[in-house]
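**Q** please find the sequence and the predicted model below.
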Amino acid sequence: MNKFLWCIPAMLAGLGAVPAIAQDLVTFKGMCDASGAVPLDANRFMVADDEDNVLRVYDAVKGGEAVDTFVLTAAELGFTQLNKIHPKTGKLRNFELDIEAATHIGSTSFWITSHARNSKRKQKSERFQFIGLRRDAARQSWEFIGKPYDGLLPAMIADSRFAAYDLEQAAMKGAEEINGLNIEGMTARAQGGVYIGFRNPVPQGHALLVALLNPEKVILGEKPEFLAPLELDLKGLGVRGLTSWRGDYLIAAGGATEQRDAVLYRWAGEREKPVPLSLPIPADFNPEAFFTPEDRGRFMVLSDDGAREQSGVACKKIKDPRQKSFRGMWLTGSTNSTPLTSINKAVSR
């Protein structure tokens, strides 16, 4: 095994862990903080950087520079209240969406922001959004569907089934505080709608998931419809990344802060118990999102490399975007008594 790879502790084997094999690492240039991603085809994915408002398209096999970009501006998003001139600089105020997760249903992709306060614990309206985009494959272009929706959290707070989690109080705290609030996962749900995963809070040490049944209608202005929230036993971790692939779900689990190592899980959905995956990954790899094309026999995990140092400087602190990068890692499941669904039935490309 490559000397730069390591395995999540062998004790996971006793917990029914599923081994997987690292295939290769790919480096992508132009950004650091990979968050939500959606597949465009077997080779390309679109990914958000939670430090800016640009969606970038990359070739997952070749890596390197983005092959396309889509800028989310305040004007195009309809955030007229953000088009304000700073009294001191005379420039438009900066705004940061903090997109943390994405998924797609057909030709429509959905992007969700953290719904968390910023690092200064200030509440910014742009960080509480649910956005829909539609891809025109022929034109290779994107257009907004409806308008960004900012009512998901108020709807959850108003729903008595969420009362035990006191999300209104959680939203008053910082994203990394105990019992704070931070959304970082979302994926299409097999039965319809999407799952939304919380990194924080982690009630009684369980990860919180919410099924939103009508995402297409929400971005057209209708009220959201939820199922009762789910709690998953991820051993005290919350959801950092979430995707559906070949009949199952993959979860990147992590602590509310960066102080605990991430663990990847396979989950069959609903009330099934998540199964940890024993994965060989670089020690500084920070799983945050996935590229999971259905017609491949392997999947890619994307790392949030914002804190990774390059020439002694954290990537997110580098001024020149050309010097920034993040990594993706192809993984293939192995056959054993508890295989990752369908991986062992496919041939890796």
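**A** Ah, there it is. Residues are numbered from 1 along each chain as shown.
**Q** neighbouring contacts of stretch 127-143?
**A** Residues from elsewhere that reach stretch 127-143 (C-beta atoms under 8 Å, 6 or more residues apart in numbering): 40, 55, 68, 70, 72, 77, 96-99, 107-118, 144-146, 148-150, 152-153, 215-216, 218-219. All C-beta spots, glycine's among them, are computed from the backbone N, C-alpha and C.
**Q** which members of those are classed as buried?
**A** 40, 55, 70, 72, 77, 97-99, 108-117, 145-146, 148-150, 152-153, 215-216, 218-219 (16 or more other C-beta atoms under 10 Å).
**Q** among these, which lie within strands?
**A** Using DSSP state E, the members of those that fall in strands are 55, 70, 99, 108, 109, 110, 111, 112, 113.
**Q** I figured the last one hits residue 149, correct?
**A** Okay, so that is residue 113. No - the criterion here is C-beta atoms under 8 Å, and residue 113 misses it with residue 149 at 10.8 Å.
**Q** ok, the residue lying closest to residue 294 once chain neighbours are set aside to residue 295 distance?
**A** Closest residue to residue 294 apart from its sequence neighbours, by C-beta to C-beta, 6 or more residues apart in numbering: residue 246 at 6.5 Å. As defined by C-beta to C-beta, to the nearest Å, residue 246 lies at a distance of 10 Å from residue 295.
**Q** more crowded one of these two?
**A** Legend: neighbour count by other C-beta atoms under 10 Å for residue 246 and residue 295, higher for residue 246 (18 against 10).
**Q** ok, which stretches of the stretch 151-300 of the chain are helices?
**A** 152-158, 167-170, 215-218 (DSSP state H, counting those that start in this stretch).
**Q** distance to residue 34 and mean pLDDT for the ones you listed - can I get that in TSV?
**A** Formatted as TSV, the helices of the stretch 151-300 of the chain follow (distance: least, C-beta to C-beta, whole Å; pLDDT from 0 to 100):
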stretch	distance to residue 34	mean pLDDT
helix 152-158	23	98
helix 167-170	25	97
helix 215-218	22	97
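**Q** so how many other residues sit close to residue 62?
**A** For residue 62, using other C-beta under 10 Å, the count is 12.
**Q** work out for me the element it sits within.
**A** Counting by DSSP states H and E, no helix or strand carries residue 62.
**Q** residue 306: what secondary structure?
**A** Applying DSSP: H, G, I helix; E, B strand; the rest coil to residue 306 yields a three-state assignment of coil.
**Q** what's the closest non-adjacent residue to residue 185?
**A** residue 197 is the one closest to residue 185 (C-beta to C-beta, 6+ apart), at 2.8 Å.
**Q** list the contacts for the one you found?
**A** 101, 183, 184, 185, 186, 207, 208, 209, 238, 239, 242, 251.
**Q** would you turn the residues you listed into a markdown table with distance to residue 171?
**A** Shown next, in a markdown table, are the contacts of residue 197 (distance: C-beta to C-beta, whole Å):
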| residue | distance to residue 171 |
| --- | --- |
| 101 | 17 |
| 183 | 11 |
| 184 | 15 |
| 185 | 17 |
| 186 | 18 |
| 207 | 18 |
| 208 | 13 |
| 209 | 18 |
| 238 | 15 |
| 239 | 17 |
| 242 | 20 |
| 251 | 23 |
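**Q** which of those fall in strands?
**A** 101, 183, 184, 185, 186, 207, 208, 209, 238, 239, 242, 251.
**Q** what about the spatially closest residue to the fifth one that is not a sequence neighbour, how many residues nearby?
**A** In space, residue 186 comes closest to residue 101 once its chain neighbours are excluded; the distance is 3.8 Å by C-beta to C-beta, 6+ apart. For residue 101, the number of neighbouring residues by other C-beta under 10 Å comes to 31.
**Q** might one say that residue 263 is in contact with residue 255?
**A** No - the pair residue 263 and residue 255 fails to qualify as a contact (C-beta under 8 Å) at a distance of 10.2 Å.
**Q** need the overlap of contacts for the two.
**A** With C-beta under 8 Å, 6+ apart, residue 263 and residue 255 have common neighbours residue 237.
**Q** so which of those two has more stuff around it?
**A** residue 263 (23 against 17).
**Q** tell me the bridge partners for the more buried one.
**A** residue 253 (DSSP bridges).
**Q** quick one: pLDDT of it?
**A** For residue 263, the pLDDT comes out at 91.
**Q** over to residue 81?
**A** pLDDT, read off for residue 81, is 60.
**Q** burial measure for residue 76, as a count.
**A** Neighbour count of residue 76, defined by other C-beta under 10 Å: 12.
**Q** how close does the closest residue to it other than its chain neighbours sit to residue 121?
**A** Sequence neighbours aside, residue 144 is the residue nearest to residue 76 in space, at 6.8 Å (criterion: C-beta to C-beta, 6+ apart). Going from residue 144 to residue 121 by C-beta to C-beta gives 30 Å.
**Q** and stretch 292-302, what's buried?
**A** Taking 16+ other C-beta under 10 Å as the criterion, stretch 292-302 shows 292, 293, 296, 297, 298, 299, 300, 301, 302 as buried.
**Q** verify the stated contact: the residue nearest to residue 186 with residue 112.
**A** Yes - between residue 101 and residue 112 there is a contact under C-beta under 8 Å: 5.1 Å.
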